[in-house]
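structure for the following, please:
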Amino acid sequence: MKPAVGIILLLSGCASASPPERAPVPAPTREAPAEVAAPSEGRGREIEYTAGASRFRVDRFDTVSVTMPDGSAQRQTFRRSAWLSVRTEKRSSGLRAEVALDSLDISGAPVPQASLDSARGTEWTASVAPDGELSDVEPNRQSGIGDQIGALLQLLFPRLPGSSIRAGARWTDTTDAPTKADNFDVQERAVMQYEAGAPATRRGQSVLPIVATGTFTRDGTGTQFGRTLEMESKGARRFTHFLGVDGTPAGLDGTETNDVTITVPEVGQSIQATQSGTIQVTPIASR
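Residues are numbered from 1 along each chain as shown. Below is the predicted model of the structure:
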């Protein structure tokens, strides 16, 4: 086996090894969630997705602790930031989205310049259903880092209970879909409980906060140093999405924890890792 740092870099994707620039956000609890409140359609005016153009900065900070089969351990903190331009147009059902990766900040990790260059300028098209679900996500080019950013695009669009949402709405959503978890191709199964709060002002914009709390499991494969790795994990997340009362996405603050087991079938060894992270999606002024 290679040193623990190799597994750490695999779990962090191509993130930065520099310390995070923000104070850490408490990780979500791993305890069983409280009893789910009864579903509610909410109250007040309905908010629906509308077409528009906006820009976002997406920041993800991760701390990864790995325990190797010989008992040795290593802990490291990573950071990555991406600047995205988003444009949506109305369609007969939902929206058509165009997303462009304008810039990327990855420092401190041994990432080849060619890998960064191949990711910058990536553009995606996608369909956005009336409830915010993305589908038919297509990049104009393939790259390892670009694929990792593409897996985060759903975070730009809060999920709704239907074609609209009201303050106070409560619902549960279950998903089972393939995705990219760092450098692993995985199947993720998640159960999330949502609750919309009352309209508030955030960064000068009137928004509806939507709190999502739940658990997930993943299993899939990846490669490192020519070897196939198998990954299983279970975790918890707590996100607060923000949807403008005008129907435009307005950012996210969230935390996620993940207990990971990585098996190397070739040598019959397993590695345990704990990953905890914070995620911020921040609207920024258009250029």
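
what helix or strand does residue 145 sit in?
Residue 145 belongs to helix 144-150 when assigned by DSSP states H and E.

next structured bit after that helix?
Using DSSP H and E, the helix or strand that follows helix 144-150 in sequence is strand 165-167.

what sits up against that following strand?
Residues outside strand 165-167 that contact it (C-beta atoms under 8 Å, 6 or more residues apart in numbering) are 41-47, 196-199, 208, 210, 243. Every C-beta, even on glycine, is put in place using the N, C-alpha and C of the backbone.

ramachandran coordinates for residue 68?
Torsion angles at residue 68 (phi, psi; degrees, to the nearest 10) stand at phi -80, psi 160.

got the confidence number for it?
pLDDT for residue 68: 77.

do the same with residue 245
96.

likewise for residue 5?
At residue 5, the model reports a pLDDT of 47.

before we move on, the earlier item: which one among the contacts of strand 165-167 gets closest to residue 228?
residue 210 (38.7 Å; C-beta to C-beta).

make a PyMOL selection of the buried ones in the contacts of strand 165-167.
In PyMOL, a selection of the buried entries from these looks like this (16 or more other C-beta atoms under 10 Å):
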select buried, resi 42+47+196+199+208+210+243
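
name the nearest of the contacts of strand 165-167 relative to residue 183.
Nearest member of these to residue 183, counting by C-beta to C-beta, is residue 210, at 29.9 Å.

tell me what the closest one is bridged to.
residue 196, residue 241 (DSSP bridges).

so it sits right up against residue 238, yeah?
No. The criterion here is C-beta atoms under 8 Å, and residue 210 misses it with residue 238 at 11.8 Å.

run through who's touching the helix holding residue 145.
For helix 144-150, contacts defined as C-beta under 8 Å, 6+ apart pick out 13-14, 58, 82, 84, 101, 104, 106, 111, 115-116, 118-119, 122, 124, 137, 139, 180, 182-183.

now the buried members of the residues you listed.
For the contacts of helix 144-150, a burial check counting by 16+ other C-beta under 10 Å picks out 13-14, 58, 82, 84, 101, 104, 106, 111, 118-119, 122, 124, 139, 180, 182-183.

helices - which of those residues land there?
Counting by DSSP state H, the buried ones among the contacts of helix 144-150 place 118-119 in helices.

so which of the buried ones among the contacts of helix 144-150 are in strands?
Residues of the buried ones among the contacts of helix 144-150 located in strands (DSSP state E): 58, 82, 84, 101, 104, 124, 139, 180.

okay, now the closest residue to the last one other than its chain neighbours: neighbour count?
Which is residue 180. Leaving aside its sequence neighbours, residue 180 sits nearest to residue 151 (C-beta to C-beta, 6 or more residues apart in numbering; 3.9 Å). Here the number of neighbours of residue 151 (other C-beta atoms under 10 Å) works out to 18.

cool, residue 204 as well?
When neighbours are counted by other C-beta under 10 Å, residue 204 comes out with 6.

for stretch 237-247, which outside residues touch it?
Taking contacts as C-beta under 8 Å, 6+ apart, the residues outside stretch 237-247 that touch it are 28, 45, 47-50, 155, 158-160, 165, 192, 199, 202, 205-216, 249-257, 279.

repeat the analysis, applying 6 Å as the threshold.
Contacts with stretch 237-247, where a contact means C-beta atoms under 6 Å, 6 or more residues apart in numbering, come from 28, 47-50, 158, 199, 202, 205-213, 250-256.

residue 60 contacts residue 81, correct?
No. The criterion here is C-beta atoms under 6 Å, and residue 60 misses it with residue 81 at 7.9 Å.

how about the strands in the stretch 1-150 of the chain?
For the stretch 1-150 of the chain, applying DSSP state E, counting those that start in this stretch gives strands covering 43-47, 52-67, 73-90, 95-105, 123-128, 134-139.

which one of these lies nearest to residue 275?
Shortest distance between residue 275 and those, using C-beta to C-beta, is found for strand 52-67: 5.1 Å.

tell me, what residue is most central in this structure?
The centre of the chain sits closest to residue 152, judged by C-alpha atoms, centre = their mean, with a distance of 4.2 Å.

now it. Nearest residue, chain neighbours left out?
Nearest to residue 152 is residue 58, by C-beta to C-beta, 6+ apart, at 6.0 Å.

understood, closing this out.
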